[in-house]
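Novice: Show me the folded form of this:
(chains A, B, C, D, E and F)
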Number of protein chains: 4
Amino acid sequence: MRPGTETGGQKTRTFVEQARRAQVVESAIEVIAKEGYANASLARIARHTGISRGLISYHFAGKDELISRVLVTVFGEVAAYMGPRVEAERTAVGQLRAYIESNLAYMDAHRSRIAAVVEIISGGGLATLGVDPIQAEEESLMPLAELFRRGQVDGEFRAFDPLIMARSVRGVIDSMAPRVTDVDLDLKACARELTTLFELATRNPSRRDNESPDVSGAKPS
Amino acid sequence: MRPGTETGGQKTRTFVEQARRAQVVESAIEVIAKEGYANASLARIARHTGISRGLISYHFAGKDELISRVLVTVFGEVAAYMGPRVEAERTAVGQLRAYIESNLAYMDAHRSRIAAVVEIISGGGLATLGVDPIQAEEESLMPLAELFRRGQVDGEFRAFDPLIMARSVRGVIDSMAPRVTDVDLDLKACARELTTLFELATRNPSRRDNESPDVSGAKPS
Amino acid sequence: MRPGTETGGQKTRTFVEQARRAQVVESAIEVIAKEGYANASLARIARHTGISRGLISYHFAGKDELISRVLVTVFGEVAAYMGPRVEAERTAVGQLRAYIESNLAYMDAHRSRIAAVVEIISGGGLATLGVDPIQAEEESLMPLAELFRRGQVDGEFRAFDPLIMARSVRGVIDSMAPRVTDVDLDLKACARELTTLFELATRNPSRRDNESPDVSGAKPS
Amino acid sequence: MRPGTETGGQKTRTFVEQARRAQVVESAIEVIAKEGYANASLARIARHTGISRGLISYHFAGKDELISRVLVTVFGEVAAYMGPRVEAERTAVGQLRAYIESNLAYMDAHRSRIAAVVEIISGGGLATLGVDPIQAEEESLMPLAELFRRGQVDGEFRAFDPLIMARSVRGVIDSMAPRVTDVDLDLKACARELTTLFELATRNPSRRDNESPDVSGAKPS
DNA sequence: TATGAATGAGCCTTCATTCAT
DNA sequence: CATGAATGAAGGCTCATTCAT
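Specialist: Model (predicted):
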């Protein structure tokens, strides 16, 4: 009987168990980021980890669970990084800026983790996960949509569909993700452009105290 | 050996050949859109087409060529649809709006084609195609970036990095693509929101005749 | 009904039929010699001939018959070349020399034909031909063995097993065949060495008039 | 992924691994010898071994490696058998006789192994092995050519091209190989004939102490 | 806990051959 | 006579997973 298989289970994981799982997840991230999801067979991950093929199956219910853990791990880190920074802001406008900036900052600082996630998603890794990518995205959009709603109520934002705007913000940020492997990509410059872009796109023109974002200094890439 | 394989050769395809290839491509689109790229084996596509496994290999150099044809076909249609509509506009602002609207209009009208492409791309189908996704995206960005540059020179657009803005537009549009399978998704509403979004984000505030886009009627989704 | 398929058939081949068959056989020889037997699919041969795949099946009962015709053609030419030259000699010793020399001379002059035969034989082409290679070889050995027997009766040759000696002669000659593709291989020098070799090995030492072959001028290769 | 695949790696094969590999190699020899190389698919070999198809792929990098192992195994055994017997002789003449006799003796004692090798070579098995048959033969000729050179320097052998003579010896021996399946073939008689043949063909006539080989007792086959 | 061995399904591809036109 | 279209079998290979030790 494998650990964590007990039905209805309390996840009673021993220390070794937890360590192994973490180790394998890290290893998987490296392999996926470097070799591509298509080449990330369990055999390859096992070899890169320095353990046997069977041990992965022992610690994870299947490849699906391992991949799932990779995603949960990285997305968890992203949330842990962004959350406090967004919540530190008092205005919706400030929170939006913090959202974009902190998201791109994390991507900049953890490029291989992002690369792994991109590889999984664009490599078909979601297909067998039983994850509905649409619903998953929907949920990830909720906080952002809520942020926009609050900003509209407060009069900081103009009228627009909060969900579509949220999807747009995510779409723009996510479209940067596949490019993190390009070391020349200047994510800080992107962050400046994107905050400006969405401040212009969302601000309420009838609000006097809404200072115009600085629009002068853009340089061509 | 397939017909028309001669290196450097004339692509002398017979009528039947062309018809079969087109039929198989259509069939592949349906299978991929419905069953997912991971399940779209040649065997499955053949069965769905009502032909033998070998016949696909007879008409296509390999799975790669078939998938490639699917992409070329759909992207070709998209370009054929958008091109005239964008070029019909005289101002950069108008072209940008036409670009967004016509792209989403095509997506709206050909959802299963878009779904197939999404499945291929997010299912790892690009990996074996020898297509560098980064470079491919870069090229698809060029016309848009050029549009922005012209608009900046003309004073229609404010100063911003044309490439990042181009990537943003594409990012937002592409982020809608995986959702076309959701029949409730109102792409026309999206189009309205997105044209407004990018008009606000790009317009030159120091230009008097730059009429403000209508910002009043947005409804929550 | 294909030509030549009539049961118990008179081979009534039209002129065109004969020409086509000859053309395809020549084409097959070229393809096999150049690309190797493993790559000599009917499709490849058809393309090289400039005709359709089906036409080969139309003119030949199957791939086996085509390959068979290649072998019969080349072996027939070899026999036609060697026969007169061997029979022109009056002594068994002379015939043996003529046998070796004319065989190597043909090989020298028709290297690509020999290469094709070698490719077929060493490429598994005999397996499906229903040809028992052992029996085939046995038959090809008969004239040579007979030659040796006559020479022994006449007292030209010493006592030895004629069949084994025949096999040895063929073995040595055949061992040169795979090397004809090496343009540096000097088959004339080989012929000189081999005639000497077998004259020494077969001559009857108790026969006074048996002139010693010249043994002085050998050069290292 | 197979064990022991690490590039540049230590070949740490477990005991079971070694045993399985040996078992499969033996099994492959049997199948190839009995059914022919063309029919020796991995599936057939697996069934004959009593294991699953996948297990062969697990233990061998591919069919090529398996076939390669068969050849290496048999050729290694041949060398191990012949080497000491040749080296035990003090004269070049003696070594030549030992070479021929021991080679044929091995063939006589291991007919199915020889049959397998013959099947592989004459069945096209070398084509995908990346083995240049010409070069491979060249190397196998070296020791023999060297033997002849030494004998010529010592005055035991007459003047002749050592390489051509070496090729002749091998050619004659190899021409016996395809016949080992014939149980009536008397390889011991062949050995007697061939040693005499090559002693006559190579001996230095100007050397007094060069005793004439016995030439009297040959029987017709 | 951990391993190496073993399985079996599925995939893409090649190819000789057949057939309607 | 000749073609191109179509078939179906077979082959080698990869891979997640299971199991005895």
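Novice: Walking through chain A, point out its helices one by one.
Specialist: A:15-35, A:42-49, A:53-59, A:63-87, A:92-109, A:111-122, A:133-153, A:162-176, A:187-202 (DSSP state H).
Novice: got those as CSV, with mean pLDDT and distance to chain B columns?
Specialist: Placement of C-beta: from N, CA and C, glycine included. As requested, the helices of chain A are exported to CSV (pLDDT from 0 to 100; distance: least, Cβ to the nearest Cβ, whole Å):
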stretch, mean pLDDT, distance to chain B
helix A:15-35, 94, 11
helix A:42-49, 96, 15
helix A:53-59, 95, 21
helix A:63-87, 97, 13
helix A:92-109, 98, 11
helix A:111-122, 94, 5
helix A:133-153, 92, 6
helix A:162-176, 96, 3
helix A:187-202, 97, 4
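Novice: quick one, which of those is nearest to D:Arg69?
Specialist: helix A:42-49 (22.0 Å; Cβ to Cβ).
Novice: still on that earlier bit, is it possible to get JSON lines of the helices of chain A that adds distance to DNA strand E and mean neighbour count?
Specialist: Formatted as JSON lines, the helices of chain A follow (distance: least, Cβ to the nearest atom of the strand, whole Å; neighbours: other Cβ atoms under 10 Å in any protein chain shown):
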{"stretch": "helix A:15-35", "distance to DNA strand E": "4", "mean neighbour count": "18"}
{"stretch": "helix A:42-49", "distance to DNA strand E": "8", "mean neighbour count": "18"}
{"stretch": "helix A:53-59", "distance to DNA strand E": "2", "mean neighbour count": "16"}
{"stretch": "helix A:63-87", "distance to DNA strand E": "12", "mean neighbour count": "16"}
{"stretch": "helix A:92-109", "distance to DNA strand E": "31", "mean neighbour count": "20"}
{"stretch": "helix A:111-122", "distance to DNA strand E": "18", "mean neighbour count": "22"}
{"stretch": "helix A:133-153", "distance to DNA strand E": "21", "mean neighbour count": "16"}
{"stretch": "helix A:162-176", "distance to DNA strand E": "28", "mean neighbour count": "23"}
{"stretch": "helix A:187-202", "distance to DNA strand E": "37", "mean neighbour count": "21"}
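Novice: List, one by one, the residues from chain A near DNA strand F.
Specialist: Within chain A, the positions adjacent to DNA strand F are A:39-43, A:53-54, A:56-58, A:62-64 by Cβ under 7 Å from any atom of the strand.
Novice: which residue is nearest the centroid of chain A?
Specialist: A:Phe75 (4.8 Å; Cα atoms, centre = their mean).
Novice: got the contact list for stretch A:104-117?
Specialist: Contacts with stretch A:104-117, where a contact means Cβ atoms under 8 Å, 6 or more residues apart in numbering or on different chains, come from A:28-30, A:32-34, A:70-71, A:74-75, A:77-78, A:81-82, A:173, A:176-177, A:180-181, A:187-188, A:190-191, A:194.
Novice: same thing but at 6 Å, please
Specialist: For stretch A:104-117, contacts defined as Cβ atoms under 6 Å, 6 or more residues apart in numbering or on different chains pick out A:29, A:32-33, A:74, A:78, A:81, A:177, A:180-181, A:187, A:191.
Novice: If I look at the closest residue to A:Ala127 other than its chain neighbours, what pLDDT would I see?
Specialist: Using Cβ to Cβ, 6 or more residues apart in numbering or on different chains and skipping the chain neighbours, the partner closest in space to A:Ala127 is B:Ala38 (4.6 Å). Looking at B:Ala38, its pLDDT is 91.
Novice: wait, isn't B:Ala38 in contact with A:Gly123?
Specialist: No. Using Cβ atoms under 6 Å, B:Ala38 is not in contact with A:Gly123; the gap is 10.3 Å.
Novice: Neighbour count for those two, which is higher?
Specialist: A:Gly123 (23 against 16; other Cβ atoms under 10 Å in any protein chain shown).
Novice: Please name the nearest non-neighbouring residue to the more buried one.
Specialist: Nearest non-adjacent residue to A:Gly123, counting by Cβ to Cβ, 6+ apart: A:Tyr37, 3.0 Å away.
Novice: Roughly how far does the one you found sit from D:Gly94?
Specialist: Applying Cβ to Cβ, to the nearest Å, the value for A:Tyr37 to D:Gly94 is 66 Å.
Novice: for A:Glu17, same thing?
Specialist: A:Glu17 is 71 Å from D:Gly94, by Cβ to Cβ.
Novice: Check A:Phe160 too.
Specialist: In terms of Cβ to Cβ, A:Phe160 sits 101 Å off from D:Gly94.
Novice: same question, A:Glu26
Specialist: Taking Cβ to Cβ as the measure, A:Glu26 falls 67 Å from D:Gly94.
Novice: thinking again about what came up before, same list (the helices of chain A) but as CSV, adding distance to B:Arg47.
Specialist: Output for the helices of chain A, formatted as CSV (distance: least, Cβ to Cβ, whole Å):
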stretch, distance to B:Arg47
helix A:15-35, 32
helix A:42-49, 30
helix A:53-59, 32
helix A:63-87, 27
helix A:92-109, 43
helix A:111-122, 28
helix A:133-153, 27
helix A:162-176, 36
helix A:187-202, 46
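Novice: give me every residue that touches the residue nearest to A:Gly123.
Specialist: A:119-120, A:123, A:125.
Novice: ok, so of these, who is nearest B:Ile164?
Specialist: Distance ranking of the contacts of A:Tyr37 against B:Ile164, using Cβ to Cβ, places A:Glu119 first at 23.3 Å.
Novice: Am I right that A:Glu156 is in contact with A:Val93?
Specialist: Yes. With contact defined as Cβ under 6 Å, A:Glu156 reaches A:Val93; the gap is 5.3 Å.
Novice: Can you name the residue of chain A nearest chain D?
Specialist: For chain A and chain D, the shortest gap (Cβ to the nearest Cβ) falls at A:Ala43, measuring 3.6 Å.
Novice: Can you tell me how far that residue is from D:Thr14?
Specialist: 17 Å.
Novice: Same check on A:Ile67?
Specialist: 30 Å.
Novice: Next: A:Asp182.
Specialist: In terms of Cβ to Cβ, A:Asp182 sits 44 Å off from D:Thr14.
Novice: In TSV: the contacts of stretch A:104-117, plus distance to chain D.
Specialist: Below are these laid out as TSV (distance: Cβ to the nearest Cβ, whole Å):
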residue	distance to chain D
A:Ile29	19
A:Ile32	16
A:Ala33	19
A:Val74	26
A:Val78	32
A:Tyr81	36
A:Ala177	30
A:Val180	29
A:Thr181	24
A:Leu187	35
A:Ala191	41
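Novice: restrict the residues you listed to contacts with chain C.
Specialist: The subset of the contacts of stretch A:104-117 within reach of chain C, by Cβ under 6 Å from any Cβ of the partner chain, is empty.
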